[in-house]
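# quick one: sequence and predicted model below, then my questions.
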Amino acid sequence: MRRHILVRLIIAPVVLWAIYTITFAMAISIPGSAFENPDRNLDPDVARAVKARYHADDNWRLYWEYLAGLTGWKRLRTGEGPWIDLGPSWSYRDWTCNQIVADALPVSAVLGLTAVLLAVLLGVPLGVLGAARRCSLFDYLSLAVALIGISLPSFVPATLLLLVLAVRLQVTEVGGWGTSGQVWLPAAVLSLPLMAYITRLTRLGMLDVLQSDYIRTARAKGASPRRVIWGHALKNAFLPVLSFLGPASAFAVTGSFVMEKVFAIPGLGTHFVNAVLARDQMLIMACVLVYSAILVLMNLLVDVLYTVVDPRIVLEDAT
Amino acid sequence: MSRPGDRVTSVPVDALPGAAAPAVHPWRRFRRNRGALAGLVLLGLIALACVASLPFSVRRFNEMELESNRRPPTAAAPFGYDFLGRDLLARVLLGGAISLGIGVAAAGISVTIGVLWGATSALAGGRVDNVMMRVVDILYGLPYILLVILLKIAFEPMLVRAVGNAHAANIVVLFVAIGSVSWLTMARVIRGQVLSLKAQPFVEAARAVGIGPVRILWRHLMPNLIGPIVVYATLTVPSAILQESFLSFLGIGIAPPVPTWGSLAADGVNAINTVVSFWWLIVFPCLFLGLTLLCLNFVGDGLRDAFDPRQSVQ
């Protein structure tokens, strides 16, 4: 177990390096450049000097320089700058990518985590009740949630809720970021498709588990129905949900691209889309690497949690 | 969306359809499921309407009558007009054909790549398996929007030259881009299935009499994989349609004026304001989009039940 985690921790940087290489190759092959200004033609010498200043003229050198910044090698060599240097932004010339990420990541993280949390806290009970009382009101309610959640692109319910709750009823704020009242609406909409999946996974898992022998044993020895369902059955039915949390966090992160646009939230998704449109290769790579690092960590965390919930599972060494 | 929908369909191997019983008369079981059957019929009707009306919708979708700009639904134009005076009915019908096309193309591509990748990985085993699955992990870690944009930008100029039509090239590129990022889940699912099938006696027997891996895969494993393939392909369609709508909303989907349900819904959402309500701009695209996704999910669930009686509602 401990060895498995260790191996995964050693592999993680290799995975990130592969992602860095792929992203780098893709980012530099996008036509167009952040240094071309359609409104103002720079003198060719000046343009060349600007590009050279950012190492944008030599991809091979840029690749290694950037890698040195990422791994802390540059800090080790020069003794200054941050340990993980994401480089200067090419479109926001006065900013480094570190500053942008430091500003935007907490926003996206709060939004995404709130959404995942909401989805688990509401989706799991709904799925359990749906399975425990099949064809009851709860079952249909859980079905309805699941269907609404996956049948409309999230910007539609987001905009409609915004119109009703924020503009007509004025119970929430219209958008922006900074107060706690601005978190709930985007997080709730973002959690809808997640909740849909978690409800379905829980319901299916429960239906499966409730037919197994140990549940019959628990019932036979006189455990109360509530204890059987919430204590005995849920523990095993929760496993699929747990393994879904890895992809779910990925979804919450990218899903937030749309929420950030609808609700004018200054998160990392907004920066990523803008960076792609502005051909800001540095910011593209910074965003991708931050996302990927989070994902790799989340997947590792889920694996570890798996063995905690179900001790029968022994993780194999990924060698 | 990072591949919102499709990343979401990650299910542990033991909960997979087809794990327990091979498909015995799945169609008969599917037919008994009224919701799924109704979904299939409705889906067929919508698809038929979108495809059959193509001659009409292709001719009309970009015809602007500026004087009827944002005119509400009338008898002549039951869906009303959009902000450039274009008939919304024609746009919704053509948008449906394109959205469904994206879904089907994505499913086709994801089946082809996913099945080959997953089966090869599981059959080869050992180090090859490990490397192939790490590749899947790495691709999972990349925000798909970047992949889609990149594939688009890399192939579009080439295709425009080959096809000679910028719109056709744009659509084809988006088909391929979304398809090639949605095979990851399929690969994982198929790998899990093949791994569990590989351990069963009939595969061992086949290998013992000297049948090669390709033939084992094709003749002996494939019949047992049809269930999960059909189920996940069906579930890939709605997720691909949703992905396209997110891309359209962010302004990097199918280029206007060609409509998709996603871009029409995005247009409708953008037209919302507090003073005048242009409800038809949002209601009709969303109605069709929502109904279709609903039907697809119903059919997908019905298929899952049909191929895996263990979990069906008795």
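Sure, I can see it. Residues are numbered from 1 along each chain as shown, chains lettered A, B, ... in the order given.

# tell me which residues of the helix or strand B:A205 falls within are tucked away?
Using DSSP states H and E, B:A205 sits within helix B:201-208. Across helix B:201-208, burial judged by 16 or more other CB atoms under 10 Å in any protein chain shown covers B:V203, B:A206. For glycine as for every other residue, the C-beta is placed from the backbone atoms N, C-alpha and C.

# same check, this time on stretch B:209-221
B:I216, B:L217, B:H220, B:L221.

# which one of the residues you listed sits closest to A:V167?
Nearest to A:V167 among the buried residues of stretch B:209-221: B:L221, at 56.1 Å, using CB to CB.

# report how many residues lie close to the nearest residue to that closest one once chain neighbours are set aside.
With CB to CB, 6 or more residues apart in numbering or on different chains as the criterion, B:L221 has its nearest non-adjacent residue at 5.6 Å, and that residue is B:L197. Counted with other CB atoms under 10 Å in any protein chain shown, the neighbours of B:L197 add up to 19.

# about what we covered before: for the helix holding B:A205, output the C-alpha coordinates as CSV.
What follows is helix B:201-208, C-alpha atoms only, in CSV (Å, rounded to 0.1, in the frame of the first residue of the first chain):
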residue,chain,number,x,y,z
PRO,B,201,-12.3,-21.0,-19.6
PHE,B,202,-13.7,-20.6,-23.1
VAL,B,203,-10.9,-18.1,-24.0
GLU,B,204,-8.4,-20.5,-22.6
ALA,B,205,-9.9,-23.3,-24.6
ALA,B,206,-9.7,-21.2,-27.8
ARG,B,207,-6.1,-20.4,-27.1
ALA,B,208,-5.3,-24.1,-26.3
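
# how far does that helix sit from its chain's centre?
35 Å (CA atoms, centre = their mean, to the nearest Å).

# ditto for stretch B:239-259
In terms of CA atoms, centre = their mean, the centre of stretch B:239-259 is set 13 Å apart from its chain centre.

# just to revisit the earlier point, how far off centre is the helix or strand hosting the residue nearest to B:L221?
Secondary structure from DSSP H and E places B:L197 in helix B:184-198. With CA atoms, centre = their mean as the basis, helix B:184-198 stands 20 Å off its chain's centre.

# counting by contacts, list what the helix holding B:A205 packs against.
Applying 3 or more CB pairs under 8 Å, 6 or more residues apart in numbering or on different chains; DSSP states H and E, one finds that helix B:201-208 contacts no other helix or strand.

# for B:A119, give me its contacts.
Counting by CB atoms under 8 Å, 6 or more residues apart in numbering or on different chains, B:A119 touches B:I190, B:R191, B:V194, B:L217, B:L221, B:L225.

# the residue nearest to the last one when sequence neighbours are not counted: how many residues sit nearby?
For B:L225, the nearest residue in space outside its immediate sequence neighbours is B:Q193; the separation is 5.8 Å by CB to CB, 6+ apart. The burial metric for B:Q193, expressed as a neighbour count using other CB under 10 Å, is 25.

# which stretches of the stretch 151-300 of chain A have low pLDDT?
Residue ranges of the stretch 151-300 of chain A with pLDDT under 70: A:178, A:181, A:247, A:250-251, A:253-255.

# does A:V209 touch A:A237 like I think?
Yes. Counting by CB atoms under 8 Å, A:V209 does reach A:A237; the two are 4.7 Å apart.

# contact partners of stretch B:66-78?
The set of residues external to stretch B:66-78 that reach it, using CB under 8 Å, 6+ apart, is B:79-85, B:87-89, B:278, B:280-281.

# now do the helix holding B:A205 and helix B:184-198, the angle between them.
80 degrees (axes from the mean of the first three to the mean of the last three CA atoms, to 10 degrees).

# biggest helix in chain B by residues?
Of all the segments of type helix in chain B, defined by DSSP state H, the longest one is helix B:88-124.

# pull out the buried residues from that one.
So, applying 16+ other CB under 10 Å, buried residues of helix B:88-124: B:88-107, B:109-111, B:113-115, B:117-123.

# again with stretch A:236-249
Quick answer for stretch A:236-249 (16+ other CB under 10 Å): A:236-249.

# what of stretch B:224-231?
Within stretch B:224-231, the residues that qualify as buried are B:N224, B:L225, B:G227, B:P228, B:I229, B:V230, B:V231, counting by 16+ other CB under 10 Å.

# among those residues, name the ones in helices.
Using DSSP H, those in helices are B:N224, B:L225, B:G227, B:P228, B:I229, B:V230, B:V231.

# tell me which of the buried residues of stretch B:209-221 is nearest to chain A?
Closest approach between the buried residues of stretch B:209-221 and chain A, by CB to the nearest CB: B:L221, at 23.0 Å.

# so that closest one sits against B:V203, correct?
Yes. The criterion here is CB under 8 Å, and B:L221 meets it with B:V203 at 7.2 Å.

# joint contacts of the two?
B:L197.

# do stretch A:278-289 and chain B meet?
Yes. Residues of stretch A:278-289 contacting chain B under CB under 8 Å from any CB of the partner chain: A:I284, A:C287, A:V288.

# helix/strand/coil for the last one?
Per DSSP: H, G, I helix; E, B strand; the rest coil, the local secondary structure of A:V288 is helix.

# how about the nearest residue to it, chain neighbours excluded?
Distances taken as CB to CB, 6+ apart place A:T23 nearest to A:V288, at 4.6 Å, with adjacent residues excluded.

# what packs against whichever helix or strand that neighbour is part of?
Taking DSSP H and E as the criterion, A:T23 maps to helix A:2-29. Other elements packing on helix A:2-29 under the criterion 3+ CB pairs under 8 Å, 6+ apart are helix A:59-71, helix A:281-309, helix B:126-140, helix B:144-163.

# and that helix, which residues are buried?
Buried residues in helix A:2-29, defined by neighbour count with 16+ other CB under 10 Å: A:4, A:8, A:11-12, A:15-16, A:18-20, A:22-24, A:26-28.
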